[in-house]
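Colleague: all I have is the shape, not the residue letters:
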Ligand code: ATP
Ligand code: MG
């Protein structure tokens with residue numbers, strides 16, 4: 001069912017004498033029985049005509065040159081796009097020119113995949129010129145027209161296809177598959193931002209592991225840092241797969257969240273560079289977490305990853321192999337240093353990593369992780385104050401005592417926090433102020 005809001009847009013365009021249809025991803029989702037997260041409308045009206053029809057509504061016309069006007073109805077933007085054909089894509093990214101078309105057919109033909117190339121008519125029946133419904137029923141991603149040509153027009157479609165396959169758990173049709181792999185170098189001319197958006201979508205999809213396994217060459221084109229893992233044997237009794245397969249198993253065990261997924265994808269990528277065999281022929285990878293972190297940082301910077309995601313992922317990569325404390329006191333200190341949330345995240349990553357080991361490595365690792373989880377729980381339960389936020393004195397109190405702001409103040413606060421957390425001082429303002437006065 002098309003929501004009232006979108007229907008009112010279609011209705012106004014039709015009343016004004018234009019053709020208008022809901023089109024694209026919303027039709028796909030609706031036919032799959034999933035509520036669409038946004039709605040696109042295509043129409044025979046030109047951008048100026050769209051503006052005239054919706055003269056009374058707030059609009060965003062950032063895409064006007066390409067025929068798109070977004071109108072805001074009920075605080076939500078609905079994109080309205082003039083039927084168009086895309087001209088030659090000179091740089092494999094942007095059409096050099098768009099040609100506006102009089103009818104729907106050409107507009108559906110320019111769309112990337114058959115399941116994305118359907119519209120709904122006035123009776124809300126699908127208009128399906130490229131067997132999109134059949135592919136939807138059979139769970140298939142297939143380009144509209146020749147895949148090589150379509151990817152050469154816009155290389156990003158390779159990643160879009162992988163994203164839809166991953167999110168919907170669809171198979172990619174063989175010719176489309178072949179073209180994605182053969183034409184993967186096209187991705188070298190796509191902007192980092194567009195790549196990273198699609199990559200995150202691929203990583204969090206329900207079939208992400210399967211898609212990455214089958215399309216590793218495509219992934220390695222955008223993340224060459226990962227390529228040396230493929231086929232790299234570990235020569236270790238703790239592992240029964242090569243580094244890349246181990247990575248995929250750990251990745252598949254993780255929650256579908258970009259931070260965990262990126263962390264597990266990169267956690268062992270430094271292994272090939274750190275490999276050595278001892279006199280017994282056994283493989284070791286000393287220092288690999290640091291190396292993995294370095295490689296991940298380079299890759300994430302190149303892809304213009306946001307700093308919050310990057311910071312969390314890099315911490316998890318660097319620490320994935322560390323031994324956590326065995327005593328309450330040391331665990332407490334670690335919580336104060338790293339923060340509770342990061343430690344739970346780290347234990348999640350360690351568990352995924354452990355699950356992807358051979359039984360000889362897996363079982364003791366899982367026992368340790370459980371022990372650490374219990375210890376962390378106990379510390380959080382038993383310590384009333386573990387962060388500066390809940391400490392009874394603040395920087396302002398120290399300023400009032402005449403202390404200058406700066407790193408010395410931070411050190412003193414952290415020192416007081418430790419004493420409180422360890423039970424050596426009560427978390428009470430007078431006692432803490434008295435202590436502070438003595439140490440300024
Ligand atoms: P999502 O659910 O992720 O929003 P979507 O199919 O709606 O998926 P959008 O990026 O919102 O994807 O694009 C809307 C529609 O525009 C697509 O369904 C497709 O028909 C068309 N489209 C978008 N990007 C491209 C492209 N690069 N090449 C061809 N057609 C495209
Ligand atoms: Mg969409």
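Modeller: That came in fine, so what should we check first? For clarity, every value in this text was computed on a predicted model and none was experimentally measured. Ligands and ions are numbered 1, 2, ... in the order given.

Colleague: quick check: phi and psi on residue 84?
Modeller: Dihedral pair for residue 84: phi -150, psi 160, per degrees, to the nearest 10.

Colleague: tell me how many other residues crowd it.
Modeller: Residue 84 has 19 neighbouring residues, counting by other C-beta atoms under 10 Å. Just so you know, the C-beta spots here come from the backbone N, C-alpha and C atoms, and that holds for glycine as well.

Colleague: residue contacts, residue 10?
Modeller: 2, 20, 21, 22, 41 (C-beta atoms under 8 Å, 6 or more residues apart in numbering).

Colleague: farthest-separated two in these?
Modeller: Pairwise distances across the contacts of residue 10 (C-beta to C-beta) peak at 11.3 Å, for the pair 2 and 20.

Colleague: who has more neighbours, those two?
Modeller: Shown here are residue 2 and residue 20; by other C-beta under 10 Å, residue 20 has more neighbours (25 against 18).

Colleague: quick check: nearest residue in space to residue 310, chain neighbours excluded?
Modeller: residue 300 (4.7 Å; C-beta to C-beta, 6 or more residues apart in numbering).

Colleague: residues near that neighbour, how many?
Modeller: By other C-beta under 10 Å, 23 other residues sit near residue 300.

Colleague: likewise for the one 4 residues further on?
Modeller: Residues contacting residue 304 under the criterion other C-beta under 10 Å number 13.

Colleague: that one falls within a strand, correct?
Modeller: No: checked against DSSP: H, G, I helix; E, B strand; the rest coil, residue 304 lies outside a strand; its state is coil.

Colleague: how close does the residue of the chain found nearest ligand 1 sit to residue 161?
Modeller: Residue nearest to ligand 1 within the chain (C-beta to the nearest ligand atom): residue 25, separated by 2.1 Å. Using C-beta to C-beta, to the nearest Å, residue 25 is found at 13 Å from residue 161.

Colleague: of the two, who's got more company?
Modeller: Neighbour count, other C-beta under 10 Å: between residue 25 and residue 161, residue 161 has more, with 31 against 18.

Colleague: pairing partners for the nearest residue to that one once chain neighbours are set aside in the sheet, please.
Modeller: Excluding the flanking residues, the one nearest residue 161 by C-beta to C-beta, 6+ apart is residue 141, at 5.3 Å. Note on residue 141: beta-bridge partners residue 172, judged by DSSP bridges.

Colleague: number of nearby residues for residue 141?
Modeller: 26.

Colleague: wait, it touches residue 175, no?
Modeller: No: assessed by C-beta atoms under 8 Å, residue 141 is found out of contact with residue 175, at 11.3 Å.

Colleague: up against ligand 2, what does the stretch 301-440 of the chain have?
Modeller: Counting by C-beta under 5 Å from the ion, the stretch 301-440 of the chain comes close to ligand 2 at no residue.

Colleague: where exactly do the helices run in the stretch 301-440 of the chain?
Modeller: When assigned using DSSP state H, counting those that start in this stretch, the helices of the stretch 301-440 of the chain occupy the ranges 307-319, 328-338, 340-355, 359-382, 395-400, 407-421, 429-439.

Colleague: next up, the contacts around residue 61.
Modeller: 47, 51, 68, 69, 70 are the contacts of residue 61 under C-beta under 8 Å, 6+ apart.

Colleague: which residues of this protein lie near ligand 1?
Modeller: When proximity is defined by C-beta under 6 Å from any ligand atom, the chain lies next to ligand 1 at 24, 25, 40, 111, 112, 116, 117, 154, 156, 157.

Colleague: filter the residues you listed by proximity to ligand 2?
Modeller: Counting by C-beta under 5 Å from the ion, residue 25 from those sit close to ligand 2.

Colleague: which of the residues of the chain next to ligand 1 lies closest to ligand 2?
Modeller: Set against ligand 2, the nearest of those by C-beta to the ion is residue 25 (4.0 Å).

Colleague: ok, the residue nearest to residue 267 when sequence neighbours are not counted - contacts?
Modeller: Using C-beta to C-beta, 6+ apart and skipping the chain neighbours, the partner closest in space to residue 267 is residue 320 (4.7 Å). By C-beta under 8 Å, 6+ apart, the contact list for residue 320 reads 263, 267, 289, 346, 349, 350, 353.

Colleague: for the first one, grab the count of nearby residues.
Modeller: Close neighbours of residue 263, defined as other C-beta under 10 Å, add up to 32.

Colleague: show me the contacts for residue 368.
Modeller: Residue 368 touches 323, 324, counting by C-beta under 8 Å, 6+ apart.

Colleague: what does residue 44 give?
Modeller: Taking C-beta under 8 Å, 6+ apart, one finds 18, 19, 20, 82, 83, 102, 103 in contact with residue 44.

Colleague: torsion angles phi and psi at the second one?
Modeller: Dihedral pair for residue 19: phi -80, psi 150, per degrees, to the nearest 10.

Colleague: distance check, the residue nearest to it when sequence neighbours are not counted against residue 103.
Modeller: Of all residues not flanking residue 19 in the chain, residue 44 sits nearest, at 4.3 Å (C-beta to C-beta, 6+ apart). Residue 44 is 7 Å from residue 103, where distance means C-beta to C-beta.

Colleague: which neighbours do those two share?
Modeller: By C-beta under 8 Å, 6+ apart, residue 44 and residue 103 have these common neighbours: 19, 83.

Colleague: from residue 294, how far off is the residue nearest to residue 267?
Modeller: For residue 320 relative to residue 294 (C-beta to C-beta), the value is 14 Å.

Colleague: okay then, goodbye and thanks.
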